[in-house]
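1. Next one to model:
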Amino acid sequence: MDVAQRVLQDIRRVCRYAVQVGKLTHNPAIELTGILRSRKSNHRASLPREELPGFLKELDLYQKRGRILTKLAIQLLILTFVRPGELRCARWEEFDFESALWRIPGDRMKMGTDHIVPLSSQALSALEELKSLTGQYSLLFPSERERARPMSDNTMRKAIFKMGWDGSQEGRSKANPHGFRATASSILNETGFNPDAIERQLSHMERNGVRAAYTHHARYMDERKEMMQWWANYLDEMRGSGKVVPIFAQQS
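-> Residues are numbered from 1 along each chain as shown. Predicted coordinates:
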């Protein structure tokens, strides 16, 4: 992340706080969205915010034409914005329902270190539904053919394409399971959440070597818990209204 982007995020955070304490009626920094030129990247296709309401409604209907396990996998992927492989290979023993935490061991993480995912009430509900279906197995998402193996890495992608987000329809982008991470990151940064908390939740590598040595998997945990619940609530509001919810409306 370059200096200009970080300064803009700091401005958003200050304005967000001003809204919370009643000094501003809305966050004017939201109007600065898109002011900085984006650098070209090869990131996997993400879902634009304006397409989220339609996607979420289609996802609710997916189990009528596909497996409910696939629907729950995509739902949890969006709610937790972990990497697809981290979700596909998740085991029930990693979840602490009482503390509402998912502890992913380092040997399953891209960065090689343990990672904690705070679970929103919506994520817990989805997990409870899932547990009634696969709780007798070690894996949350076992393969249909071999229960000791996780679902295929193409399962969610094929489902997303089946729902119509394969890039062939006007008004619908080509979405990718990994891209939900970028979608969440973009919205959370625009909202004014602590960029460091967002990066920690995404389990991104710390670019500063000295700082990385002291980065703990539980860092910014209180902020991350608040952020994950806000994100789940934001998704619910868009699903319910069927339209994009302005970010500043979430900050009052």
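2. any idea how far stretch 46-58 is from the chain center?
-> Between the centre of stretch 46-58 and the centre of its chain there are 13 Å (Cα atoms, centre = their mean, to the nearest Å).
3. quick check: mean pLDDT across it?
-> Averaging pLDDT along stretch 46-58 yields 93.
4. just stretch 128-141 next, same as before
-> Throughout stretch 128-141, pLDDT has a mean value of 97.
5. in it, what's buried?
-> Across stretch 128-141, burial judged by 16 or more other Cβ atoms under 10 Å covers 130, 134, 139-141. (Glycine included, C-beta is placed from N, CA and C.)
6. for stretch 55-64, same thing?
-> Along stretch 55-64, these residues count as buried under the neighbour rule (16+ other Cβ under 10 Å): 55-56, 59, 62.
7. quick one: which of the buried residues of stretch 128-141 is nearest residue 160?
-> Within the buried residues of stretch 128-141, the smallest distance to residue 160 is 15.4 Å, found for residue 141 (Cβ to Cβ).
8. so how far is residue 70 from the nearest residue to residue 241 once chain neighbours are set aside?
-> Nearest non-adjacent residue to residue 241, counting by Cβ to Cβ, 6 or more residues apart in numbering: residue 53, 7.0 Å away. Using Cβ to Cβ, to the nearest Å, residue 53 is found at 20 Å from residue 70.
9. same question, residue 161
-> Distance from residue 161 to residue 70, by Cβ to Cβ: 12 Å.
10. cool, and residue 176?
-> 15 Å.
11. and what of residue 174?
-> According to Cβ to Cβ, residue 174 and residue 70 sit 18 Å apart.
12. and residue 161 and residue 70? which has more neighbours close in?
-> residue 70 (20 against 16; other Cβ atoms under 10 Å).
13. so where is the stretch 101-250 of the chain shaky, pLDDT-wise?
-> Within the stretch 101-250 of the chain, the stretches with pLDDT under 70 are 205-217, 247-250.
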